[in-house]
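[1] When you get a sec, could you give me coordinates for this:
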Amino acid sequence: MTAQQKTNIPKYKLAAIELLDIHLYQKNRPQEEGKIYHFNFNIEHKFNIEKKQIFVITTVNVLHEDKETLLGSIRVGCSFKMEDIEEYTDHKKQSVDLPKEMLSNLNAEAISTTRGVMFANFSGTFLHRAYLPLIDPSQFFKEDNS
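    Below is the predicted model:
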């Protein structure tokens with residue numbers, strides 16, 4: 001029995017990873033040991049019901065330790081295939097309501113994938129040591145004030 005079956009999370013699988021955008025704003029800057037980087041991180045979900053796809057798009061801005069100077073940015077898309085997405089779709093509201101645990105898993109997978117794509121693409125540049133820190137994937141849920 002898989003972890004998805006044990007927790008009643010709908011079945012899905014990773015279909016594609018895509019580098020959507022990357023920028024290095026100070027290309028001639030040398031690598032610096034012990035540099036402290038700051039990160040602005042955004043995550044969004046998009047759906048294509050007809051193709052049974054979920055897209056998780058992450059955007060990371062890498063900032064200088066002054067928290068104002070933008071050094072680089074990267075945007076990564078992860079596409080997941082979910083055969084039974086229709087069961088979670090409200091066509092009248094034009095929305096998809098997936099279980100919170102599944103969204104948390106999708107976020108975790110997209111964040112980890114983004115970390116690897118960042119490492120691969122920033123390697124050898126002045127952002128070589130700009131490692132995306134560990135991020136709690138559940139922090140992206142809106143507070144429920146009910």
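[2] Just confirm Asp84 contacts Ile49, I think it does.
    No - with contact defined as C-beta atoms under 8 Å, Asp84 does not reach Ile49; the gap is 11.2 Å. Just so you know, the C-beta spots here come from the backbone N, C-alpha and C atoms, and that holds for glycine as well.
[3] Break down the protein into its helices, ranges please.
    Per DSSP state H, the chain carries helices over the ranges 3-6, 100-122.
[4] so which of the ones you listed is the most packed in?
    Most buried of the helices of the chain, by mean neighbour count (mean count of other C-beta atoms under 10 Å): helix 100-122, with a mean of 18.
[5] which of Asp84 and Ile49 has more neighbours?
    More neighbours surround Ile49 than the other of Asp84 and Ile49, with 15 against 11 (other C-beta atoms under 10 Å).
[6] pretty sure that one contacts Ile85?
    Yes - using C-beta under 8 Å, Ile49 is in contact with Ile85, at 6.0 Å.
[7] Overlap of the contact sets of these two?
    Common neighbours of Ile49 and Ile85, counting by C-beta atoms under 8 Å, 6 or more residues apart in numbering, are Val96.
[8] what's across from the closest residue to Glu18 other than its chain neighbours in the sheet?
    The shortest distance from Glu18 to any non-neighbouring residue, by C-beta to C-beta, 6 or more residues apart in numbering, is to Gly77 (4.4 Å). Beta bridges link Gly77 to Glu18, Ile57, judged by DSSP bridges.
[9] and the gap between Gly77 and Thr59?
    10 Å (C-beta to C-beta, to the nearest Å).
[10] Of those two, which one has the most company?
    Gly77 (20 against 16).
[11] where's the more buried one relative to Leu63, distance?
    Remark: distance between Gly77 and Leu63 (C-beta to C-beta) = 22 Å.
[12] cool, His128 as well?
    From His128 to Leu63 the distance is 16 Å (C-beta to C-beta).
[13] These two: which is more packed in?
    Leu63 (18 against 13).
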